[in-house]
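Participant: have a look; sequence and predicted model below, questions after that.
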Amino acid sequence: MTRVLYPGSFDPVHNGHVELVETAARLFDEVVVAAMRNPQKGEPLFSLEDREAMLKECFAHLPNVTSTMFSTLVVDLAMEQKCDFIVKGLRAVSDFESELQMAQMNQAVAGVETVFIPSASAQSFVASKLIREIARFGGDVSSMVPPVVARMLAERYDL
């Protein structure tokens, strides 16, 4: 049985994330989606608890997907969750450069390997940062996010 970890800030989760998790759920026996507080990304829009609730609702249709929150090293969570691999999505060459460095560091530090899954071209432009910015200014992001996220963004920004 192969168990993988898909870590990220998921602030908020968008259709690119959903696509990657659905792909991972087809490829692997179990997928653990883990939301974290990433201090490099500034103050989050949604709390970890809100993000976990969104993840649970977004992936309720996938019986082999669970979600959790964490504030430790990704490799520590991978070992704690007994994951065989870390899964990361790639949208563009720029993603590969940063994700490859992280994958190499994770392998060197803890022996945990990373599997890269490319996004489909229809989702390659979607990023949480852009979703937050568009929603903050009243733009419609409903085609780029799951319904629960659209609802929570509307509540957050009084749309």
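Facilitator: That came through, no problem. Numbering: from 1, shown residues only.
Participant: how is residue 139 assigned, secondary-structure-wise?
Facilitator: In three-state terms, and counting by DSSP: H, G, I helix; E, B strand; the rest coil, residue 139 is coil.
Participant: any regions of this structure where pLDDT drops low?
Facilitator: 38-39, 41, 159 (pLDDT under 70).
Participant: what ranges do the helices span in it?
Facilitator: 15-27, 48-58, 74-80, 93-110, 128-136, 147-157 (DSSP state H).
Participant: now for the shortest one, which elements pack on it?
Facilitator: Right, helix 74-80. Taking 3 or more CB pairs under 8 Å, 6 or more residues apart in numbering; DSSP states H and E as contact, the helices and strands that helix 74-80 lies on are strand 3-8, strand 30-36, strand 85-90, helix 93-110. Quick note: C-beta positions are derived from backbone N, CA and C, even for glycine.
Participant: quick one: closest of those to residue 75.
Facilitator: Among the helices and strands packed on helix 74-80, helix 93-110 comes nearest to residue 75, with 3.7 Å by CB to CB.
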